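>>> Following is a predicted model, sequence given first.
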Amino acid sequence: MNILEKIVADKCKEVDLKKSIIPVSQLEKSGLLERTPISLADALQNSTTGIIAEHKRRSPSKSVINQSLNVQDVAEGYETAGACGMSVLTDGKYFGGSLDDLILARASANIPLLRKEFVIDEYQILEAKAYGADVILLIAAILSGKEIKTLSEFAKSLGLDVLLEVHDEEELQKSIMPSLDMLGVNNRNLKTFEVSLDTSKELAAKIPNDFVKVSESGISNVDAIKELRQFGYQGFLIGENFMKTENPGKYAAEFIKALES
Ligand SMILES: O=C(O)c1ccccc1NCC(=O)[C@H](O)[C@H](O)COP(=O)(O)O
């Protein structure tokens with residue numbers, strides 16, 4: 001089994017357990033689904049920088065990145081820095097995240113929040129909305145075209161934006177559908193962890209212009225963003241480069257200032 005298969009196998013068990021503890025009917029009755037989400041796609045289209053800054057404590061590829069930070073400080077720092085949106089990893093076993101992180105980020109920042117999760121079930125989308133997210137991620141490498149359609153249409157019915165992530169042309173071809181808002185190209189191969197920004201450059205022309213293009217992973221400097229913009233990218237998801245510093249918000253502010261100059 002590769003790491004992605006292991007994550008998905010664990011996720012299936014986790015979702016089944018959660019459904020038995022907090023059933024869908026309870027989530028629906030909670031009143032938590034009433035909030036009107038903020039669109040990340042709109043924010044990216046109206047932005048001059050397009051930074052989506054991530055909260056990421058650890059990862060399968062890098063092990064520990066930063067476990068000593070308070071998620072509320074990070075969220076506040078990212079908003080003050082001028083990030084367009086924030087990505088919050090909610091997987092516990094592999095990334096050290098949780099839904100509590102999402103709640104705390106929501107309480108501290110009024111920018112679009114992406115629930116960064118391995119979504120395989122509508123239940124996780126309901127959770128995303130209930131805990132304050134504005135956007136969900138769907139990963140083409142772990143879903144069929146039919147699943148992408150069902151899950152993205154469900155997210156849209158709740159008013160959430162959908163970011164669909166691909167890593168190659170085959171994943172892209174099975175995924176293009178009107179219920180997606182943003183198409184993200186992950187520069188990291190999630191099976192081998194190899195990272196190359198060429199992945200974004202090579203796939204750019206194959207992504208229809210109806211979608212906001214987002215480049216994800218391995219972005220560590222302003223010049224890389226300036227180059228990716230030439231390929232039509234409007235969003236840039238950055239995790240480790242911010243999170244490995246003592247003060248991600250302060251570092252993101254310097255990064256964004258440099259991007260604007
Ligand atoms: O980051 C990993 O090691 C990883 C492994 C397996 C599945 C997903 C993984 N990462 C999720 C992401 O896509 C990144 O956190 C995100 O794009 C930011 O990447 P980076 O700026 O390189 O931290």
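Good, I have the coordinates.

>>> you'd agree residue 183 is in a strand?
Yes - Residue 183: assigned to a strand according to DSSP: H, G, I helix; E, B strand; the rest coil.

>>> ok but residue 86 is inside a helix, no?
No - read with three-state DSSP, residue 86 is strand and lies in no helix.

>>> could you list every residue that touches it?
The contact partners of residue 86, by C-beta atoms under 8 Å, 6 or more residues apart in numbering, come to 52-55, 75, 78-79, 105, 109, 111-114. Every C-beta, even on glycine, is put in place using the N, C-alpha and C of the backbone.

>>> Try it again at 6 Å.
53, 75, 78, 111, 113 (C-beta atoms under 6 Å, 6 or more residues apart in numbering).

>>> Show me what it is bridged to.
Beta-bridge pairing for residue 86 (DSSP bridges): residue 53, residue 113.

>>> circling back: return the closest of the contacts of residue 86 with respect to the ligand.
Nearest to the ligand among those: residue 53, at 9.5 Å, using C-beta to the nearest ligand atom.

>>> hang on, the closest one packs against residue 253?
No - the criterion here is C-beta atoms under 6 Å, and residue 53 misses it with residue 253 at 10.2 Å.

>>> Looking at the two, which is more packed in?
Set residue 53 next to residue 253 and count neighbours by other C-beta atoms under 10 Å: residue 53 wins out with 32 against 17.

>>> Dump the contacts of residue 86 into CSV; add pLDDT and distance to residue 191 as well.
Listed next are the contacts of residue 86 as CSV, based on pLDDT from 0 to 100; distance: C-beta to C-beta, whole Å:
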residue, pLDDT, distance to residue 191
53, 98, 26
75, 98, 31
78, 98, 29
111, 98, 31
113, 98, 27
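
>>> Between those residues, which sits nearest residue 28?
Using C-beta to C-beta, residue 113 comes nearest to residue 28 of those, at 20.8 Å.

>>> close enough to count as contact, the closest one and residue 134?
Yes - with contact defined as C-beta under 6 Å, residue 113 reaches residue 134; the gap is 5.3 Å.

>>> can you list contacts of stretch 185-194?
Contacts for stretch 185-194 (C-beta under 6 Å, 6+ apart): 2, 4, 61, 141, 165, 167, 195-197, 199-200, 203, 215-218.

>>> Would you show me how to pick out the buried ones of these in PyMOL?
Under the burial definition 16 or more other C-beta atoms under 10 Å, those of those that qualify are selected in PyMOL by:
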select buried, resi 4+61+141+165+167+195+197+199+200+203+215+216+217+218
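
>>> Now intersect the contacts of stretch 185-194 with the helices, please.
4, 199, 200, 203 (DSSP state H).

>>> ok, of these, which one's closest to the ligand?
Proximity of the ones in helices among the contacts of stretch 185-194 to the ligand was ranked by C-beta to the nearest ligand atom; the top entry is residue 4 with 6.3 Å.

>>> pLDDT value on the closest one, please?
Residue 4 is assigned 93 on the pLDDT scale.
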